[in-house]
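Participant: model this:
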Amino acid sequence: MKQSLICTFTIPGFHCWEDAPVKYRYLSYLHRHLFKFKLGVTSTTDREIEFIDFGEKVKKYLTKKYSSPLKLKSSSCEMLAQQIISRFPELIWVEVWEDDENGGRVERGTVAIEKHENIERVWWKW
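Facilitator: Model prediction:
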């Protein structure tokens, strides 16, 4: 049986999409979101990792690196998820959501690149 913990927390922050297409030009300006973080943590026993403590550890890392509220500049949800999963080896996957509406997910595995409608997407799997 495979089992894992899921930690969630929210931190307000600001970012922008500097190269936004004309259709979404408003996103090229700094704007605010409530960034929701969902973390899948490896667990093999009862409370091997306390999810409250683990969530606090990741929050502390983010606010130390980006301040509070988060000042993310042009970082996307996927970029932020990549940074978090790279920093914490106990993570299996990381999701970062903007206002609990849209977001990105990174899982451990291999790297694959997909092209669609002239947009290059990079999917990271460790």
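Participant: In contact with residue 62, which residues are there?
Facilitator: When contacts are counted by Cβ atoms under 8 Å, 6 or more residues apart in numbering, residue 62 touches 11, 37, 70, 84. Bear in mind the C-beta positions are built from the backbone N, C-alpha and C, glycine included.
Participant: repeat that for 10 Å
Facilitator: 9, 11, 13, 35, 37, 68, 70, 72, 80, 83, 84, 87 (Cβ atoms under 10 Å, 6 or more residues apart in numbering).
Participant: Which members of the residues you listed are positioned in helices?
Facilitator: Taking DSSP state H, the ones among these that sit in helices are 80, 83, 84, 87.
Participant: what number of residues lie near the third one?
Facilitator: The number of residues packed near residue 84 is 19, by other Cβ atoms under 10 Å.
Participant: roughly how far apart are it and residue 59?
Facilitator: From residue 84 across to residue 59, the span is 11 Å (Cβ to Cβ, to the nearest Å).
Participant: Please consider this matter closed, and thank you.
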